[in-house]
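J.: Here is my input, please return the structure:
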Amino acid sequence: QVQLEESGGGLVQAGGSLRLACTASGTGRFFRINYINWYRQAPGTQRELVASDTGRGITNYADSVKGRFIISRDNAENPVYLEMRSLKPEDTAVYYCNANLWTPSTGSNTYWGQGTQVTVSS
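T.: Sure thing, here's the model as predicted:
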């Protein structure tokens, strides 16, 4: 069963950095990430798209994180990272990865991770 799992969240002081990872499992050896998005949701707010990678070398960022957050990956399909710098208290939220993955057995499907908490103290 294909699953996504976020990791790397935690407590950090304002101005600090964190690197979140989104790792796919159950994909088998050969799979492709068609696109991946990072969302966040703070208490009492709607889930917000903060960063996306279309899989064609195109990345997009919300204005609130532009210049501070970067989607990246090593020379491999998995995991995909969200590097967050100059963190602010308003970045505090649960961060989710959302990806469309293709495998030979399942075709293309969209998946969500369960989220990882990021807390930025002032």
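
J.: Give me the phi and psi for D91.
T.: The phi/psi pair for D91 (degrees, to the nearest 10) reads phi -80, psi -10.

J.: Any idea what Q117 is bridged to?
T.: On the basis of DSSP bridges, Q117 is bridged to V94.

J.: How about T110?
T.: When bridges are called by DSSP bridges, T110 pairs up with N100.

J.: Could I get the full set of strands for the protein?
T.: In the chain, the segments counted as strands under DSSP state E are 3-7, 10-13, 18-25, 32-41, 48-53, 59-61, 69-73, 80-84, 93-103, 107-112, 116-121.

J.: Now do the residue in the chain sticking out farthest from the centre, the pLDDT please.
T.: Note on the chain: the largest separation between a C-alpha and the mean C-alpha position, by C-alpha atoms, centre = their mean, falls on S105 (24.4 Å). At S105, the predicted lDDT confidence score is 90.

J.: Now it. Nearest residue, chain neighbours left out?
T.: Spatially, and ignoring its direct neighbours in sequence, S105 is nearest to G28 (6.9 Å; C-beta to C-beta, 6 or more residues apart in numbering). C-beta here means a position set from N, CA and C on the backbone, and glycine is covered the same way.
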